[in-house]
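> no sequence for this one, just the structure:
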């Protein structure tokens, strides 16, 4: 019987810490489902990239790291703003799975109440592996490329990500 | 002609102050409609309980207090995020009513513009009768049971409410 | 431990067949949850009554039949148009239950896949106990009152139900 | 005090019959609100034009007919799929009004229950003044231009309406 | 070929600064589309007026300023909470346009990515021309009438705007 | 520059005809995006399988056919019930693409109006390659396995698909 685990993040953007976590989980389960959360969000400072762009970054990064793609499923998951139905929503969009990995107590609680096994994913030490930090560096022009897989840098170039972030960060002159 | 009043709260959880208000209103009207607001919210620190759980707490508490259940209607009311249609939304889910009780100026205003009589419900003095305070005590392990009806304590036990709240209050280690 | 069963219908309107089914189920479980389905529907020939009106008819009919109201919960359930999350939606709005009663194979299937016991409710013979038949009679002016509890007739009068149905049945002259 | 009336249609497309109705109503009220219903629908055989395109056709046609535009408000109205809140939805999108004109019994009923005066708009005889007929003619290549205001023909040309309709009418080869 | 520009604001309420901007844009384009954003919001301190009320204020103000109404389209635009589809949403509700005016970098970015020309609207100096300031003055009873067109003051009186704002600003006594 | 094409279907279930189409398109583009349409539908006779189940069938079938998974992206796409924003919705969930393959005139029209190249996918002759036929055979117990990839048969077994379909096909005894 195939064992499948799921992990859900916003991946704004995916970074080397995420990649390391994926690899470690793939030592514990046969297949990993990566849920791209808040899929409906994009073009804000907190959530600059669309679900499709994040999915492309993830698949490129996994491919570059020679992860076997037959063992990974990447799935956009829009928010539902109703915790009581959220697990069913995830289940409906995903291949069947048995274990939910999350560092978020709410997510673990919801999966647990729905009868799933839950695990806290291995923690990656470096505090730069953090979406907020990476987005800030992209705006400020300091080094962010060393924090993400090379393949992510390439997708960023293809979609002109730095330009988008810089524009979004301009001070608003509001119509009021 | 039957007179009916409505009162809407989140009841996270119902407490002795609510029960006292219900009793006083029932001296003024024939029937009371209790709207369980933000019905779609659950499993957060602000809104830990589902609408169904809150409804069960309310009916148990009223029954324990020997309130005549033929005179009370308890109705889950999901948010609509559109104030201009909110009263119609409430009306569609509820038996016909003529008086809206609320301590919230927005709610009173909306009902008033829609042609309803509005009243401010009798204020209950003790400041511990407050959902936020009760939820904090449940997490901190101090006495909360004295602030709610016994029947509510029992439902809390049935649904393992304290465990849920404690888990939800853990510091997040975010995937980032 | 309290056993609870749920049954979901549209109740457009509640009739004597429904009442008989409720009574029989109440011999099998401690408490019965009556879900008023398609709660958001009203003012059409198929679904003329609001959820609140149907709820009032149900509670009046149960009260008239001397059913113990502490053993019954009546809950409006809006459609979600997503079968895979529908059971979670129902669960979130309802007190905890273990058995789902339904004559609808889809509903039974959904509850079964979610881990609930399911039962087919006792069938009531008379074919007039059918919402469609009752609504037709209300429009045509033939006897419908004998098919529903007396309390339902009274609520119908209070909300001018026959007038509403007759108006809705008029041939449309469409603006095109 | 200004008297305002509202009339709601889908206007797929606006035709000479509509224009005649608008003119007659404008003899009865100071200002007319034209609600462009099912505003979210477009690109189907039944609803080929977007709300914005329909709005443009209406304003051009009214302008061409020398109707005083300070006396008319044109407003897109998306469906809400909940009759009980529909009137509030319309009210929130529209300047205040007192009279609702509709040939549809459901619409008149909803406005009436909400406390509005309702009137059946004057009927225009010619049966070609019918959206379905006009859309068919556009697809079949027979004369449709004589059924709509000249200004509508011009907007149709600007948005390449005939081409769109013809393409939408092609038999589907479904992916299955 | 007609050139059309669009500008989107919340207009809570429209003020003299807005009117000045409209006039200047109308020197650059043939027609101006005014999008009334967050159309679903009303009855809060930040967004006190319904879309319909704001639309009425705008049309009255434009009419009073002798702007040619055949050159202006006013359109309520509800939020969609999904930036990636927002431009399509606006396009579907509006007559075709080529230029988007906005002082908001996010809005300009979204239109730019969708292939539209974007322009920053001319800035109006006086800092009192700001919705927040005007709403505060309406509550505090200081002069607000000098900041908005006379026609807006009249609509405010018709809808009892000051009374609404004052009521909404009362300190909440929460049911808790 | 990478060329990407998208094809969207419901895949209830994926069959040998789909697989053949995918292979042919992969000779024309570098990467293929497979959109799993009506992702929110499941558990009906027309749409028995969840988006996650369909995604699993697709990835297994592609893997079995030795299609290079780094060249394929499989993405659930929920309906939006608004044609004018549908393309933006698809774009937001998908890696960037330039060509849309569809046998559906509406879909081709929508992509064309949004500026995409469109192509009609190669037609596969055998008329059994049709979801409706396959679902019927699963219910009737006649041979369906020969119409789908072996890997799909295996996933069907894992999720007990035949049992689900047979149950859903039972005649309803409606509660009325």
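Arrived safely. Quantities reported herein were computed from a predicted structural model and do not represent experimental measurements. Numbers count the residues shown, from 1 in each chain, chains lettered A, B, ... in the order given.
> pLDDT of the helix or strand residue A:62 falls within, averaged?
In this assignment (DSSP states H and E), residue A:62 forms part of helix A:51-64. Per-residue pLDDT over helix A:51-64 has a mean of 98.
> okay but residue A:128 is in contact with residue A:144, surely?
No: using CB atoms under 8 Å, residue A:128 is not in contact with residue A:144, being 9.1 Å away. Where you see a C-beta, it was placed from the backbone N, CA and C, and this is true even at glycine.
> what residues do those two have in common as contacts?
residue A:134 (CB atoms under 8 Å, 6 or more residues apart in numbering or on different chains).
> For residue A:58, list the residues it contacts.
Contacts of residue A:58 (CB under 8 Å, 6+ apart): A:11, A:14, A:34, A:36, A:74.
> typo on my end, it should be residue A:155
A:53, A:56, A:57, A:60, A:161.
> Pull the contacting residues for the last one.
The neighbourhood of residue A:161, defined by CB under 8 Å, 6+ apart, consists of A:13, A:48, A:49, A:53, A:138, A:155.
> before we move on, what about the fourth one?
Taking CB under 8 Å, 6+ apart as the contact definition, residue A:60 lies against A:149, A:151, A:152, A:154, A:155.
> do you know how far it is from residue A:17?
17 Å (CB to CB, to the nearest Å).
> Same check on the second one?
Relative to residue A:17, residue A:56 is positioned 19 Å away (CB to CB).
> Would you state the helices of chain A in chain order?
A:16-25, A:51-64, A:83-93, A:105-113, A:131-140, A:150-158, A:161-168 (DSSP state H).
> and these, which is most packed in?
Ranked by mean neighbour count, these are led by helix A:51-64 with a mean of 25 (mean count of other CB atoms under 10 Å in any protein chain shown).
> can you list the residues of chain A near chain C?
A:80, A:82, A:84, A:85, A:87, A:88, A:89, A:91, A:92, A:115 (CB under 8 Å from any CB of the partner chain).
> does the third one really touch residue C:92, like I thought?
Yes: counting by CB under 8 Å, residue A:84 does reach residue C:92; the two are 3.5 Å apart.
> residues bridging contact with those two, i.e. touching both?
Between them, residue A:84 and residue C:92 share the contacting residues B:40, B:42, B:50, judged by CB under 8 Å, 6+ apart.
> returning to that earlier point: format the helices of chain A as JSON lines; extra columns: distance to residue A:121.
JSON lines is the format used below for those (distance: least, CB to CB, whole Å):
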{"stretch": "helix A:16-25", "distance to residue A:121": "5"}
{"stretch": "helix A:51-64", "distance to residue A:121": "16"}
{"stretch": "helix A:83-93", "distance to residue A:121": "16"}
{"stretch": "helix A:105-113", "distance to residue A:121": "11"}
{"stretch": "helix A:131-140", "distance to residue A:121": "15"}
{"stretch": "helix A:150-158", "distance to residue A:121": "19"}
{"stretch": "helix A:161-168", "distance to residue A:121": "26"}
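> among the ones you listed, which is nearest residue D:170?
helix A:51-64 (29.0 Å; CB to CB).
> how distant is that closest one from the center of its chain?
On the basis of CA atoms, centre = their mean, to the nearest Å, the separation between the geometric centre of helix A:51-64 and that of its chain is 10 Å.
> follow-up on the earlier one: who wins for neighbours among the shared contacts of residue A:84 and residue C:92?
residue B:50 (26 neighbours; other CB atoms under 10 Å in any protein chain shown).
> How about the contacts made by the closest residue in space to that residue that isn't next to it in sequence?
Using CB to CB, 6 or more residues apart in numbering or on different chains and skipping residues adjacent in sequence, the residue nearest residue B:50 is residue B:42, 4.2 Å away. Residues near residue B:42 by CB under 8 Å, 6+ apart: A:82, A:83, A:84, B:48, B:49, B:50, B:51, B:53, C:92.
> Next, work out how far apart residue B:42 and residue C:89 are.
12 Å.
> and for those two, which residues touch both?
With CB under 8 Å, 6+ apart, residue B:42 and residue C:89 have common neighbours residue A:84.
> Of residue A:128 and residue A:144, give the one with the bigger neighbour count.
residue A:144 (23 against 15).
> Report the residue spans of chain A with pLDDT below the cut-off.
A:171-176 (pLDDT under 70).
> Dead centre of it: give me the residue that sits there.
residue A:11 (2.8 Å; CA atoms, centre = their mean).
> Who are the contact partners of the residue lying closest to that residue once chain neighbours are set aside?
Closest residue to residue A:11 apart from its sequence neighbours, by CB to CB, 6+ apart: residue A:54 at 4.7 Å. By CB under 8 Å, 6+ apart, the contact list for residue A:54 reads A:10, A:11, A:12, A:13, A:14, A:36.
> And those residues, which is closest to chain C?
residue A:36 (18.7 Å; CB to the nearest CB).
> That closest one - nearest residue in space that isn't next to it in sequence?
Residue A:36's closest residue in space is residue A:76 (CB to CB, 6+ apart), at 4.7 Å.
> swap in residue A:97?
residue A:4 (4.0 Å).
> Count the neighbours of that neighbour for me.
Neighbour tally, residue A:4, other CB under 10 Å: 19.
> correct me, but it touches residue A:96?
Yes: taking CB under 8 Å as the definition, residue A:4 is a contact partner of residue A:96 at 6.6 Å.
> Give the residues shared as contacts by those two.
With CB under 8 Å, 6+ apart, residue A:4 and residue A:96 have no common neighbours.
> end to end, how far does stretch A:144-151 reach?
Terminal residues of stretch A:144-151 lie 13 Å apart, using CA to CA, to the nearest Å.
> List of residues touching it?
Taking CB under 8 Å, 6+ apart as the rule, stretch A:144-151 contacts A:13-16, A:19, A:57, A:60-61, A:63-65, A:128-129, A:133-134, A:137-138, A:153, A:156.
> How far off centre is it?
That offset, for stretch A:144-151, works out to 15 Å (CA atoms, centre = their mean).
> correct me, but residue A:29 touches residue A:1?
No: counting by CB under 8 Å, residue A:29 stays clear of residue A:1, with 11.5 Å between them.
> so who does residue A:129 touch?
Counting by CB under 8 Å, 6+ apart, residue A:129 makes contact with A:15, A:16, A:17, A:18, A:147, B:176.
> Which of those residues sits closest to residue D:120?
Nearest member of the contacts of residue A:129 to residue D:120, counting by CB to CB, is residue B:176, at 61.7 Å.
> In a markdown table: the contacts of residue A:129, plus distance to residue E:70.
As requested, these are exported to a markdown table (distance: CB to CB, whole Å):
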| residue | distance to residue E:70 |
| --- | --- |
| A:15 | 55 |
| A:16 | 59 |
| A:17 | 59 |
| A:18 | 56 |
| A:147 | 56 |
| B:176 | 54 |
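> follow-up on the earlier one: nearest to chain F among the residues of chain A next to chain C?
Using CB to the nearest CB, these come closest to chain F at residue A:92, 4.6 Å.
> Provide a list of residues in contact with that closest one.
With CB under 8 Å, 6+ apart, residue A:92 has these contacts: C:82, C:84, C:85, F:40, F:42, F:50, F:51, F:52.
> what does chain A put close to chain B?
Residues of chain A lying near chain B (CB under 8 Å from any CB): A:7-10, A:15, A:17-18, A:21, A:81-84, A:102-106, A:108-110, A:113, A:120-121, A:123, A:129-132.
> Now with 7 Å, please.
Contact residues (CB under 7 Å from any CB of the partner chain) of chain A with chain B: A:9, A:82-84, A:103-106, A:109-110, A:123, A:130-131.
> Using JSON lines, lay out those together with distance to residue E:166.
Below are the residues of chain A next to chain B laid out as JSON lines (distance: CB to CB, whole Å):
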{"residue": "A:9", "distance to residue E:166": "46"}
{"residue": "A:82", "distance to residue E:166": "35"}
{"residue": "A:83", "distance to residue E:166": "37"}
{"residue": "A:84", "distance to residue E:166": "38"}
{"residue": "A:103", "distance to residue E:166": "47"}
{"residue": "A:104", "distance to residue E:166": "43"}
{"residue": "A:105", "distance to residue E:166": "43"}
{"residue": "A:106", "distance to residue E:166": "39"}
{"residue": "A:109", "distance to residue E:166": "43"}
{"residue": "A:110", "distance to residue E:166": "43"}
{"residue": "A:123", "distance to residue E:166": "53"}
{"residue": "A:130", "distance to residue E:166": "46"}
{"residue": "A:131", "distance to residue E:166": "44"}
